[in-house]
Every structure is written in structure tokens, then in C-alpha cells.
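**Student:** mind looking at a prediction? Sequence and model below.
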Amino acid sequence: MNTVDAVVIGAGQGGLAASYFLTQRGVNHVVLDANSSPGGAWQHRWDSLTMNDVHGVADLPGEAAPGRSSARANEVVPAYFADYERRHQLPVERPVTVDAVTSEGEWLIVHGNGRAWRTRALINATGTWTRPNLPTYPGMDVFAGEQFHTSTYPGREALRDKRILVVGAGASAVQFIGELAPIAQVVWVTRRPPQWRTGDFDPEAGLQAVTEVERRVVAGLRPTSVVGATGLMLRAQESQAAALGAYADPRPIFDHLEPGGARWADGSFEAADVILWATGFRSAVDHLGPLGLRGPEGGIPLLRVPGNVQGATTAARDPRVHLVGYGPSASTIGASRAARRAAMEVARDLAQAREAAS
């Protein structure tokens, strides 16, 4: 069994930032990544997503992020991550899929790929990409067309001239409609009315949105999306779809699917070749289940850090565990900031433990 001071799970934005800050503080650690190559979730994004289309890629500590361009995001960002790992000699091991984390006395045991790592501290930075939220509706099994989730979206050209139902009320749905409506027949379907942003998104509005997400995770509630809390807005990329009326009148959720499309409770019907489920993701934290971190409300309560809404990373039920990219830090900027805080707390706790043992 390998013994290290800290284990980081995940080598996306948050995991790489955590490793950088742990290295700065001289903490012996390893980063376990389930992917076979660098890039985190970015390497799995669809080909039509360019650097002009992404909502933003934050700088990794000490290295400027790639700028906007027409280049594919699933090539540019993974190359940036790979170069970052190499430049800073980060101790990433891959592919390692972590199955479970257990506790044995003062030690946490991280299990994956038939191996085990013993550690005093854990930084979990597994994000959400591997946990797509796919709802269940009657008739999904009889629908004769294709069904995709955001995580399996094949790209714009694969759906040209199709009849598509885009299901979802978030930013991904808006983005998909923006690129598909000019080349296909698109109907927007939402379970709840879309929440459009009514004012400018200034720093104060951003702080309010993140603070609300922080409030939920501190209370042990399941986290909501930081992006979702800010409200929807149309970008220049969506102007053509808007002019076509694609966002004007979304339909409520259908009653059930049939082989040729969707049927509503009032009997109305929309023919469809494709159902695109833009229904979001859940936090990929099932491997932490053996630690009993969840509260009665279903979320993992985190300890609040006064004056730092994105600094809530420490699990209230086991302070050896830190979650980066969960709740208020579930954004590229937030993940890097939370990673710094988590690394600082890990280094402090390890130093205190050594001092107590001496």
C-alpha cells in the first residue's frame, strides 16, 4: 500500500490547482485521474465547441489560460492542462478510477484499480462530467429516434436538418439551441420556466449568486449550479437563433414519448428525430459514500469560511476531506480559489499533527 500525506482525486482545473498549491507547500501527495490522458472533462466536449463558445477557462495558478479563438476547446484546453502538468512536474497517475474511500483510524484509504493509497488528507476534485443527470419519462424506451445527453452530444453537423426537442432550462440548452436552430427544426421544452437575467452581471450579482450556493452546501442541501444561479442571457452566438424565434415560447415538459415524438397531456404532439437532454449533471462523489459525509438533506455539509464564499471546502463530518469544485467552487475560477484554500488547510493540519506527535 502506498502512503502519502495527501491524495487529490481528479486532474481537471481544481485537481491541478490543488496539486500546484500542495507542491508549493512541500506536501507529499499524488493526483489520481480516471482519464487516460490530460484534459479533465474538456477532452470529452463536442467538436463544434470552440474557444469562442466556452463560458470561460480560468487561469491555472501561475499560467495564463488560452484566449478566445475558433480552435476546438477539446483540443486547446487539454493541451494547456498537459503542458501545465509537465511544466510543474505534478505527480499525476492515470488512468486510476477511484472506487471508494474508506477510513481506518487516523488514515483514509483510497481504493482504485485494485490498488490502495493510505493518506492523512484528501482533496476531491472529481467535478460532475461523469454523473449526467438523465431524467426518466414514460416512453423513453419506445422512442424510435436518437437520444443524447449533454455529455454525449455529437456536435452541430451530426444533427443538421433533424427535428430536435431540446429539453432543459439552463445555459447548455440555450447554447445548443443557438447552434442548432439555424440548421435544424428545434423545439425548446422546459420543466420550469427559464430564468433570464434581468440586470447586468456585475461583481455584486456574481457574489450574490455564489453566496446562495454556499448557503445551501453549508446547510447540507444538495448544491445548485453556480451558473444556474446567475440567470440566463443570450450571447452573440445565439443571435441568429433568437431572430428565428427559437427562445420565444418554450413548451412545458411533455407527458410522455411515443415512437415518433412527444405527446403532451392536452393531446398535442411534436414529431422528433432527436431528444437532446440538456438536463445537467450531479456531483461525482459516490466514491466518498463509505465515509458517511452526507447530511439528512442529501448534500455534503461544508464548513463555512467567513469572508470567503468560495473557500468552503472542508467536509463538516470529516475535516480530513476537502471538496473542490463542489457547491460554491463549481466553476473554473472558483475551483482554483478553493484549491488554494484546501491546500493551505491540508498543509496546516499536517504540520499540527506532526507537532503534536513530536
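**Tutor:** Perfect, thanks for sending it.
**Student:** at the geometric centre of this protein, which residue sits there?
**Tutor:** Nearest to the mean C-alpha position of the chain, counting by C-alpha atoms, centre = their mean, stands Thr128 at 3.8 Å.
**Student:** in terms of helix, strand or coil, where does that residue fall?
**Tutor:** Three-state assignment for Thr128 (DSSP: H, G, I helix; E, B strand; the rest coil): coil.
**Student:** and what of Ser239?
**Tutor:** Once three-state DSSP is applied, Ser239 turns out helix.
**Student:** what of Asp83?
**Tutor:** Once three-state DSSP is applied, Asp83 turns out helix.
**Student:** neighbours around it, how many?
**Tutor:** Asp83 is flanked by 13 other residues according to other C-beta atoms under 10 Å. The way it works is simple: take the backbone N, C-alpha and C, and place the C-beta from them, glycine included.
**Student:** please tell me how far it sits from Pro66.
**Tutor:** To Pro66, Asp83 is 10 Å away according to C-beta to C-beta, to the nearest Å.
**Student:** partner residues bridging the nearest residue to the residue nearest to the centre of the chain once chain neighbours are set aside?
**Tutor:** Excluding its sequence neighbours, the residue lying closest to Thr128 (C-beta to C-beta, 6 or more residues apart in numbering) is Phe281, at 3.6 Å. Beta-bridge partners for Phe281, by DSSP bridges, are Pro132.
**Student:** contacts only, for Phe281.
**Tutor:** 128-129, 131-133, 150-151 (C-beta atoms under 8 Å, 6 or more residues apart in numbering).
**Student:** ok, now how distant is it from Tyr326?
**Tutor:** Taken as C-beta to C-beta, the span from Phe281 to Tyr326 is 12 Å.
**Student:** equivalent analysis for Glu179, please.
**Tutor:** From Glu179 across to Tyr326, the span is 29 Å (C-beta to C-beta).
**Student:** swap in Arg163?
**Tutor:** 38 Å.
**Student:** one more: Gln13?
**Tutor:** According to C-beta to C-beta, Gln13 stands 13 Å off from Tyr326.
**Student:** try Arg131
**Tutor:** Distance from Arg131 to Tyr326, by C-beta to C-beta: 12 Å.
**Student:** identify the contacts common to those two.
**Tutor:** Residues touching both Arg131 and Tyr326 by C-beta under 8 Å, 6+ apart: Ser283.
**Student:** quick one: Ile9 and Val110 touch, right?
**Tutor:** Yes. Between Ile9 and Val110 there is a contact at 7.2 Å, judged by C-beta atoms under 8 Å.
**Student:** quick check: neighbours shared by those two?
**Tutor:** In contact with both Ile9 and Val110: 32, 98, 122, using C-beta under 8 Å, 6+ apart.
**Student:** now neighbour count too, for these, in a markdown table please.
**Tutor:** Shown next, in a markdown table, are those (neighbours: other C-beta atoms under 10 Å):
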| residue | neighbour count |
| --- | --- |
| Leu32 | 24 |
| Val98 | 23 |
| Leu122 | 25 |
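**Student:** could you list the low-pLDDT ranges of the protein?
**Tutor:** 198-214, 224-230, 307-310, 328-333 (pLDDT under 70).
**Student:** by contact count, what packs against the top helix by length along it?
**Tutor:** Counting residues, the longest helix in the chain under DSSP state H turns out to be helix 332-357. If contacts are counted by 3 or more C-beta pairs under 8 Å, 6 or more residues apart in numbering; DSSP states H and E, helix 332-357 sits against strand 2-9, helix 13-24, strand 115-124, strand 321-323.
**Student:** please redo it, this time with the cut-off set to 10 Å
**Tutor:** Helices and strands touching helix 332-357, as assessed by 3 or more C-beta pairs under 10 Å, 6 or more residues apart in numbering; DSSP states H and E, comprise strand 2-9, helix 13-24, strand 115-124, helix 203-218, strand 321-323.
**Student:** including distance to Arg251, could these go into TSV?
**Tutor:** Rendered in TSV, the data for the helices and strands packed on helix 332-357 read as follows (distance: least, C-beta to C-beta, whole Å):
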stretch	distance to Arg251
strand 2-9	40
helix 13-24	35
strand 115-124	38
helix 203-218	27
strand 321-323	37
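**Student:** and the end-to-end length of stretch 303-315?
**Tutor:** Using C-alpha to C-alpha, to the nearest Å, the end-to-end distance of stretch 303-315 comes to 6 Å.
**Student:** next: stretch 164-174.
**Tutor:** Terminal residues of stretch 164-174 are spaced 14 Å apart (C-alpha to C-alpha).
**Student:** thinking again about what came up before, distance to Arg320 added to the shared contacts of Ile9 and Val110, as TSV?
**Tutor:** Below are those laid out as TSV (distance: C-beta to C-beta, whole Å):
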residue	distance to Arg320
Leu32	16
Val98	16
Leu122	6
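**Student:** quick one: which of those is nearest to Arg337?
**Tutor:** Top of the list for closeness to Arg337, among the shared contacts of Ile9 and Val110 and by C-beta to C-beta, is Leu122 at 18.9 Å.
**Student:** my guess is the closest one contacts Thr313. True?
**Tutor:** No. Between Leu122 and Thr313 there is no contact under C-beta atoms under 10 Å: 11.0 Å.
**Student:** that's a strand at Leu276, yeah?
**Tutor:** Yes. Leu276 forms part of a strand when assessed by three-state DSSP.
**Student:** what's the neighbour count on the closest residue to it other than its chain neighbours?
**Tutor:** Leaving aside its sequence neighbours, Leu276 sits nearest to Val166 (C-beta to C-beta, 6+ apart; 4.8 Å). Neighbourhood size, Val166 [other C-beta under 10 Å]: 25.
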